[in-house]
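Next input, structure requested:
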Amino acid sequence: MVYESSVEIAPVSYEGKSILRNLMELCQHDYSEFDGADVAEHGVLGYKYLDNYWTEEARQPFFMRVNGRLAGFALVRDIGDVHTMAEFFIVRKYRRLGLGRTVAHRLFDMLPGKWRVEQEPGNLPAQAFWRRIIGEYTHGRYEELAGDDHWDGPFQLFES
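This next block holds a predicted model:
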């Protein structure tokens, strides 16, 4: 179990971008099971929007740390007046210990307002995770849709 007092969430500075890029490769590796991405010829999966987190005000990158150690990251993107969880990644060592719940709830509190959290259609573990986390946070007061004109997988809508 990760103790909430040992968890830190901090914005990623420009100097931390290369560290985030490295963690993003682990994240994209995990996601490739669900999104079908292939490794490029130069050996990386890549993330085409990474640079945008330092060039667009509507994007915010965060590192997660447990007892000072890097444990994951979250990328939040604002579309109009809605916060979207663009990416959320926890290093395997820290999964199933309560870190995801703690970080998600803190981010929802740090960024009050409307939220949209999307999952890949085939990523059943992520769907179960977000339904549970958002359900706990909102006491069941959220809406889930199976897709729309912008996303073909399930997503949850709620207010923090």
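
chain center to the longest strand belonging to the chain, what's the gap?
Using DSSP state E to assign secondary structure, the strand with the most residues in the chain is strand 69-79. Counting by CA atoms, centre = their mean, to the nearest Å, strand 69-79 is centred 5 Å from the centre of its parent chain.

repeat for stretch 124-137
With CA atoms, centre = their mean, you get 12 Å for stretch 124-137.

Going by neighbour count, which residues of the longest strand of the chain are buried?
Within strand 69-79, the residues that count as buried by 16 or more other CB atoms under 10 Å are 70-78. For glycine as for every other residue, the C-beta is placed from the backbone atoms N, C-alpha and C.

Which of those residues sits closest to residue 146?
Set against residue 146, the nearest of those by CB to CB is residue 77 (21.4 Å).

Just the helices from this protein, written as ranges.
17-35, 99-110, 124-138 (DSSP state H).

For those, which has the smallest mean pLDDT value?
Among the helices of the chain, helix 17-35 carries the lowest mean pLDDT, a mean of 76.

residues contacting residue 81?
Counting by CB atoms under 8 Å, 6 or more residues apart in numbering, residue 81 makes contact with 113-114.

From residue 157, how far off is residue 114?
With distances taken as CB to CB, to the nearest Å, residue 114 is found 7 Å from residue 157.

What number of residues are in the vicinity of the residue nearest to residue 97 when sequence neighbours are not counted?
Leaving aside its sequence neighbours, residue 97 sits nearest to residue 2 (CB to CB, 6 or more residues apart in numbering; 4.4 Å). Around residue 2 there are 20 other residues, counting by other CB atoms under 10 Å.

What separation is there between residue 2 and residue 102?
Using CB to CB, we find residue 2 at a distance of 7 Å from residue 102.

and if you look at residue 53?
For residue 53, the distance to residue 102 (CB to CB) stands at 22 Å.

Tell me the buried residues in stretch 94-111?
94, 99-108.

Ranking helices and strands of this protein by mean pLDDT, which lands last?
Least confident element among the helices and strands of the chain, by mean pLDDT, DSSP states H and E: helix 17-35 (a mean of 76).

which residue is nearest the centroid of this structure?
Nearest to the geometric centre of the chain sits residue 88, at 1.8 Å (CA atoms, centre = their mean).

so who does that residue touch?
72-75, 100, 103-104.

I'd guessed residue 106 sits against residue 62; true?
No. Counting by CB atoms under 8 Å, residue 106 stays clear of residue 62, with 9.5 Å between them.

That'll do, ta.
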